[in-house]
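**Q** When you get a sec, could you give me coordinates for this:
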Amino acid sequence: MKRIRITSLLAVVAAVLTGCGSGSSSKGEFSGSANPISKTFAEAPVVAQAVAHGSDTLIVGKLTSAPEQVTLLASDVLDDIELVKLENSDEAVVGRGNVWVTDKRILIYSDDEVKQFDRSGKYLGKVGAKGQGPGEYSIAPYYMDADEKAGRIYMMQYNAKNIFVYDTDGKYIESIPLAQEVNKGFFTVDNEKGTVTIAALLFHSDENPTPVWTQDMKGNVISSVFKPNITVVPDFSSEIYRGSNAGNEDLTYSLFRIDAKADTLYNYSDGRLTPAFTFDFGDEVPMHYFRAFPQFYVVVTFGTPEQVSESTYVLPSNAPFVIDRATLHGAPAVLMFDNFGTLTMDRGWTGCSNPEYLAWNLDPGDLLACLETAPESHPLATEEGMARMKELKESIDPDDNNYVIIGRWKR
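**A** Below is the predicted model of the structure:
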């Protein structure tokens with residue numbers, strides 16, 4: 001079971017990607033759509049409807065029954081799936097930690113350091129350093145990205161006043177000042193236009209409730225959105241999520257609120273923040289978040305916080321509830337990496353930092369444990385996949401550096 005850990009010192013939600021499971025049985029044949037994900041949800045009920053919202057369309061989900069869990073095949077929703085074994089040298093060793101994947105590199109924050117690797121797992125060095133100096137992160141990186149064409153790596157930490165800019169060797173170059181301080185947030189940099197678009201987690205106490213704005217490289221605002229209704233209580237346990245675009249949106253914006261309440265996922269495009277998806281939970285709204293992916297929406301709900309120490313709580317999470325964008329059928333879903341046999345993520349696969357990629361950072365012992373507990377057979381498993389899983393089990397050394405499973409979300 002995946003759990004989100006909350007510490008009252010900073011009240012930080014640590015989104016650790018864990019949770020391997022056994023999956024579920026396959027659904028029946030479906031001829032109504034050429035979309036593989038639609039086939040997966042063929043026997044699941046319709047759980048949402050499109051509602052006119054001014055000139056826009058809002059997808060509203062609601063459950064009237066408890067659909068059977070389905071197994072979502074990685075080969076149906078991900079392209080270029082690969083298992084990357086990180087270099088084994090002493091300086092390259094990483095532990096569990098946040099992962100950002102770009103077209104050419106893997107960035108991992110672990111043990112107060114950001115280390116970067118190429119997509120083959122070769123160690124490329126550190127990015128910046130922990131400290132108080134120029135380009136050093138005093139708390140921790142919250143969001144990172146890279147522009148391979150421009151030869152730049154970008155980092156935003158918690159309570160950011162700047163975006164740090166590094167070259168591809170990880171050396172600090174300059175900072176991009178932010179038009180307002182960002183508690184937590186994400187961004188996109190357009191070097192050709194000389195602009196940055198920032199999305200921020202806003203507290204009730206923030207004086208200027210603009211969740212999304214576009215600025216130049218000197219911090220001058222070009223356009224902004226005023227939305228005072230999507231602020232949260234001043235608590236760093238809340239989170240902000242960027243989703244994957246399905247159409248012409250610049251980005252999608254959604255929240256995890258520690259103060260659970262009805263909420264909405266928004267699309268941002270052409271300077272407008274418009275509601276795109278929500279879910280009707282009824283009278284009892286659980287802690288939850290929404291996430292947009294090219295082929296589907298996801299609803300992740302959490303149970304009652306459990307105290308594990310004087311200052312630490314964990315939130316047990318439920319299996320992601322997936323709604324097919326094409327048919328609006330939906331059900332709880334686990335993700336099975338069918339090219340690796342029956343290796344399955346039951347939770348955590350929707351929380352990756354970069355919305356374009358799934359990235360699962362695994363200690364070799366944890367990967368081996370997941371492979372060992374994977375079922376010996378499954379209606380959706382292929383002989384090729386099962387053979388590869390057997391080879392993986394035999395090749396893994398528990399003393400190796402970590403492995404990262406990567407795939408790009410299909411459009």
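**Q** so residue 321 touches residue 334, yeah?
**A** No. In this structure, residue 321 is not within contact of residue 334 by Cβ atoms under 8 Å, at 11.6 Å. Using the backbone N, CA and C atoms, a C-beta is placed for each residue, glycine as well.
**Q** Can you list the low-confidence ranges for the stretch 201-350 of the chain?
**A** Low-confidence segments of the stretch 201-350 of the chain (pLDDT under 70): 248.
**Q** Could you identify the longest helix within the chain?
**A** In the chain, taking DSSP state H as the definition, the longest helix is helix 383-395.
**Q** average pLDDT across that one?
**A** Helix 383-395 shows a mean pLDDT of 95.
**Q** Enumerate the positions of that helix that are buried.
**A** Using 16 or more other Cβ atoms under 10 Å as the test for burial, helix 383-395 gives 385, 386, 388, 389, 392.
**Q** residue contacts, the first one?
**A** With contacts defined as Cβ atoms under 8 Å, 6 or more residues apart in numbering, residue 385 is in contact with 338, 339, 340, 341, 342.
**Q** and the residue positioned nearest the centre of the chain, which of the three is it?
**A** In the chain, the C-alpha closest to the average C-alpha coordinate belongs to residue 352, at a distance of 2.5 Å (Cα atoms, centre = their mean). Secondary structure, DSSP: H, G, I helix; E, B strand; the rest coil: residue 352 is coil.
**Q** Mind putting the buried residues of helix 383-395 into a markdown table with distance to residue 218?
**A** A markdown table is the format used below for these (distance: Cβ to Cβ, whole Å):
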| residue | distance to residue 218 |
| --- | --- |
| 385 | 52 |
| 386 | 56 |
| 388 | 51 |
| 389 | 52 |
| 392 | 50 |
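**Q** Name the nearest of these relative to residue 347.
**A** residue 389 (20.3 Å; Cβ to Cβ).
**Q** Can you give me every residue that contacts the nearest residue to residue 386 once chain neighbours are set aside?
**A** Spatial nearest neighbour of residue 386, excluding adjacent residues (Cβ to Cβ, 6 or more residues apart in numbering): residue 341 at 4.6 Å. By Cβ under 8 Å, 6+ apart, the contact list for residue 341 reads 371, 374, 381, 385, 386, 387, 388, 389, 390, 392.
**Q** shouldn't the first one be in contact with residue 389?
**A** Yes. Counting by Cβ under 8 Å, residue 371 does reach residue 389; the two are 6.1 Å apart.
**Q** list residues touching both of the two?
**A** In terms of Cβ under 8 Å, 6+ apart, residue 371 and residue 389 are both contacted by the residues 340, 341, 343.
**Q** now those residues as CSV including distance to residue 156 and secondary structure?
**A** Listed next are those as CSV, based on distance: Cβ to Cβ, whole Å; DSSP: H, G, I helix; E, B strand; the rest coil:
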residue, distance to residue 156, secondary structure
340, 33, helix
341, 38, coil
343, 32, strand
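**Q** Quick one: the strands in the stretch 201-350 of the chain, in order.
**A** 212-216, 221-225, 239-243, 251-256, 264-269, 272-280, 288-292, 296-301, 306-307, 312-316, 321-324, 330-337, 343-345 (DSSP state E, counting those that start in this stretch).
**Q** name the helices or strands packed onto the first one?
**A** In other words, strand 212-216. strand 172-182, strand 195-200, strand 221-225 (3 or more Cβ pairs under 8 Å, 6 or more residues apart in numbering; DSSP states H and E).
**Q** Could you please name the strands it pairs with and the direction of each pair?
**A** Here strand 212-216 is paired, per DSSP bridges, with strand 195-200 (antiparallel), strand 221-225 (antiparallel).
**Q** for the fifth one, same thing?
**A** Strand 264-269 sits in its sheet next to strand 251-256 (antiparallel), strand 272-280 (antiparallel), going by DSSP bridges.
**Q** mean confidence for stretch 136-150?
**A** Stretch 136-150 shows a mean pLDDT of 95.
**Q** Next: stretch 169-186.
**A** pLDDT averaged over stretch 169-186 gives 97.
**Q** Just the buried residues of that stretch, please?
**A** Neighbour count says stretch 169-186 has 170, 172, 175, 176, 178, 179, 180, 182, 183, 184, 185, 186 buried, by 16+ other Cβ under 10 Å.
**Q** Who does the last one form a beta bridge with?
**A** Here residue 186 shows beta-bridge partners residue 199, assigned using DSSP bridges.
**Q** wait, doesn't it sit right on residue 154?
**A** No. When contacts are counted by Cβ under 8 Å, residue 186 is not listed as touching residue 154 (10.4 Å).
**Q** one step back: I'd like the buried residues of stretch 169-186 laid out as JSON lines, including distance to residue 211.
**A** JSON lines is the format used below for the buried residues of stretch 169-186 (distance: Cβ to Cβ, whole Å):
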{"residue": "170", "distance to residue 211": "31"}
{"residue": "172", "distance to residue 211": "28"}
{"residue": "175", "distance to residue 211": "22"}
{"residue": "176", "distance to residue 211": "19"}
{"residue": "178", "distance to residue 211": "14"}
{"residue": "179", "distance to residue 211": "13"}
{"residue": "180", "distance to residue 211": "11"}
{"residue": "182", "distance to residue 211": "10"}
{"residue": "183", "distance to residue 211": "11"}
{"residue": "184", "distance to residue 211": "12"}
{"residue": "185", "distance to residue 211": "9"}
{"residue": "186", "distance to residue 211": "11"}
